[in-house]
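J.: Let me see the structure of the following:
(chains A and B)
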There are 2 protein chains.
Amino acid sequence: MAQLQIGLLLFPNLTQLDLTGPLQVLSRIPGATVHLISKTMAPVPSDAVLLLPPTITFADCPQLDVICVPGGYGTDDLVGDDDTLDFLRRQAEGARYVTSVCTGSLVLGAAGLLRGYRATTHWSAIDDLAAFGAIPDRSRVCIDRNRITGGGVTAGIDFALTLVELLADRTTAQAIQLTLEYNPAPPFNAGSPETAPEPVVAMLKERLQGARQRRSESVARAAARLQAETETAA
Amino acid sequence: MAQLQIGLLLFPNLTQLDLTGPLQVLSRIPGATVHLISKTMAPVPSDAVLLLPPTITFADCPQLDVICVPGGYGTDDLVGDDDTLDFLRRQAEGARYVTSVCTGSLVLGAAGLLRGYRATTHWSAIDDLAAFGAIPDRSRVCIDRNRITGGGVTAGIDFALTLVELLADRTTAQAIQLTLEYNPAPPFNAGSPETAPEPVVAMLKERLQGARQRRSESVARAAARLQAETETAA
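T.: Now for the predicted structure:
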């Protein structure tokens, strides 16, 4: 059997756990090669202290079976980055699964890869998906044909285990879950706006206001460009 | 208020999610500085593709408020590494919290820092803790005075949120949980040997047999050295 080729996209100011959660799960699939892909081989700064050295460039990356785009504030720039969008479009043509975690789905959307597909994203960004023709879905892991999108940050672990069952089998996925002792016991019930205490939700929404505004503006610009490109091509 | 100084130890062949889960949580504490500490500034290979560039060396690291040791197969060597054990002992004297994730607790044990303390570790390593005078405890997050230990790999996220409440307050911890959309929904109920399907547990125990044997041998050697040092010092 040919090696399974899995690629995770690196870009500046990504939320590192969007990447490292799935990376831990997917790298345990027997026979899988996982690539960390960037424009150049320069280490990429994440949101959280860690610098992320790529393993391969866009130019050298083989056709992937799975392409995955993590999220984070860096997606504000990425949705307008032609090199990245072109790379994703090229890979998506031959990939078995086109996937994302958190606001990575906005980048898939900006590449025109979610038109008519149900997709999820971080809870705070769910209203931004429709601009790209996606059908927003608040599932933690959303599967629509070969598009698989995960919700915010830690949803990447649930997403990746779901993907392992599709790529390998349920026993392999369960063995990885057991190896990673993924038997979560959050000390608080504050993981979604529906369950978190109201003052916590209010405080965070207030604090995120500027970032959400910037995101909506970059999404609007990217959606307009995508629309214009589509009309030119038609 | 002085900056909160938090340090996570890097070492070859650590399980990267043991580190990156807590890193994501702890780096969101307002006013916290998180250090990635290694002997030298050379990038450190993790178990899962990712190279981890340190931010500071043992020699340059300030006194930490929190020291945290992640786990992974690399702890087999680390429990016998004097530079690391000395660094941990020095830091532990002035730290508010001495902590670990997964088999990182074996390294704390080898440094003599868990004698008479309850502690947890990865489910497959729980029997190794007693060699260092620790009292094995199968909690996902185990707090005994200022020793806080987390279970296997993904327990690091629960551990870190618990720690945020102690370092800051519950509202801060809940806001971080909501930001990270930590509302876990594992697709399978296979995260512990008690809940995973029996064939999965059996297969994994079979596969881990060699690694468990190597770990028990390295723990036995480290425990004997600790005992000899203690007798010399007495």
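J.: Flag every buried residue along the lengthiest helix in chain A.
T.: Ranked by number of residues, the top helix in chain A under DSSP state H is helix A:198-233. Along helix A:198-233, the positions that meet the burial threshold by neighbour count (16 or more other CB atoms under 10 Å in any protein chain shown) are A:200, A:201, A:203, A:204, A:208, A:215, A:218, A:219, A:222, A:223, A:226. Backbone N, C-alpha and C define where each C-beta goes, glycine included.
J.: And stretch A:41-48, by the same measure?
T.: When neighbours are counted by 16+ other CB under 10 Å, the buried residues of stretch A:41-48 are found to be A:43, A:44, A:45, A:46, A:47, A:48.
J.: ok, is it in contact with chain B or not?
T.: Yes - looking at stretch A:41-48 against chain B by CB under 8 Å from any CB of the partner chain, the contacts come from A:43, A:47, A:48.
J.: Can you give the contact residues for that stretch?
T.: With CB atoms under 8 Å, 6 or more residues apart in numbering or on different chains as the contact definition, stretch A:41-48 has outside contacts at A:10-17, A:19, A:38, A:51-54, A:57, A:72-74, B:23-24, B:27-28, B:34, B:53.
J.: ditto for stretch A:11-20
T.: Counting contacts by CB under 8 Å, 6+ apart, the residues touching stretch A:11-20 from outside are A:8, A:10, A:36, A:38, A:44-48, A:50, A:52, A:70-75, A:77-78, A:84, A:101-102, A:104, A:153-154, A:156, B:16-17, B:20-21, B:23-24, B:50, B:180.
J.: how about the CA coordinates for stretch A:163-178, as PDB?
T.: Only the C-alpha atoms of stretch A:163-178 are listed here, as PDB (Å, rounded to 0.1, in the frame of the first residue of the first chain):
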ATOM      1  CA  LEU A 163     -10.700  11.200  10.300                       C
ATOM      2  CA  VAL A 164      -8.600   8.200  11.400                       C
ATOM      3  CA  GLU A 165     -11.600   6.000  11.300                       C
ATOM      4  CA  LEU A 166     -12.200   7.100   7.700                       C
ATOM      5  CA  LEU A 167      -8.500   6.700   6.600                       C
ATOM      6  CA  ALA A 168      -7.800   3.500   8.500                       C
ATOM      7  CA  ASP A 169     -10.500   1.900  10.700                       C
ATOM      8  CA  ARG A 170     -12.300   2.300  14.000                       C
ATOM      9  CA  THR A 171      -9.900   0.000  15.900                       C
ATOM     10  CA  THR A 172      -6.900   2.100  14.800                       C
ATOM     11  CA  ALA A 173      -8.700   5.300  15.900                       C
ATOM     12  CA  GLN A 174      -9.700   3.800  19.300                       C
ATOM     13  CA  ALA A 175      -6.100   2.600  19.900                       C
ATOM     14  CA  ILE A 176      -4.800   6.100  19.200                       C
ATOM     15  CA  GLN A 177      -7.500   7.500  21.600                       C
ATOM     16  CA  LEU A 178      -6.400   5.100  24.300                       C
END
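J.: can you narrow the buried residues of helix A:198-233 to ones near chain B?
T.: The overlap between the buried residues of helix A:198-233 and the neighbours of chain B (CB under 8 Å from any CB) comes to A:200, A:201, A:203, A:204.
J.: Closest to residue B:231 out of those residues?
T.: Proximity to residue B:231 was ranked across those by CB to CB; first place goes to residue A:200, at 51.9 Å.
J.: these two touch, right, the closest one and residue B:178?
T.: Yes - with contact taken as CB atoms under 8 Å, residue A:200 and residue B:178 are classed as touching, separated by 6.1 Å.
J.: where do the helices sit along chain A?
T.: Secondary structure of chain A (DSSP H): helices at A:16-26, A:75-78, A:82-94, A:104-110, A:155-167, A:170-179, A:198-233.
J.: Serialize those to TSV and add fields for mean pLDDT.
T.: Formatted as TSV, these follow (pLDDT from 0 to 100):
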stretch	mean pLDDT
helix A:16-26	98
helix A:75-78	98
helix A:82-94	98
helix A:104-110	98
helix A:155-167	98
helix A:170-179	98
helix A:198-233	94
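J.: can you put those in JSON lines and add distance to residue B:163?
T.: Formatted as JSON lines, those follow (distance: least, CB to CB, whole Å):
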{"stretch": "helix A:16-26", "distance to residue B:163": "16"}
{"stretch": "helix A:75-78", "distance to residue B:163": "29"}
{"stretch": "helix A:82-94", "distance to residue B:163": "36"}
{"stretch": "helix A:104-110", "distance to residue B:163": "28"}
{"stretch": "helix A:155-167", "distance to residue B:163": "20"}
{"stretch": "helix A:170-179", "distance to residue B:163": "24"}
{"stretch": "helix A:198-233", "distance to residue B:163": "18"}
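J.: Would you tell me which of the ones you listed gets closest to residue B:130?
T.: Across the helices of chain A, residue B:130 has its closest neighbour in helix A:170-179 (22.9 Å, CB to CB).
J.: contacting residues around that closest one?
T.: Contacts of helix A:170-179 with the rest of the structure, by CB under 8 Å, 6+ apart, involve A:25, A:28-30, A:161-162, A:164-165, B:152-153, B:186-188, B:190-193, B:196-197, B:199-201, B:203-204, B:207.
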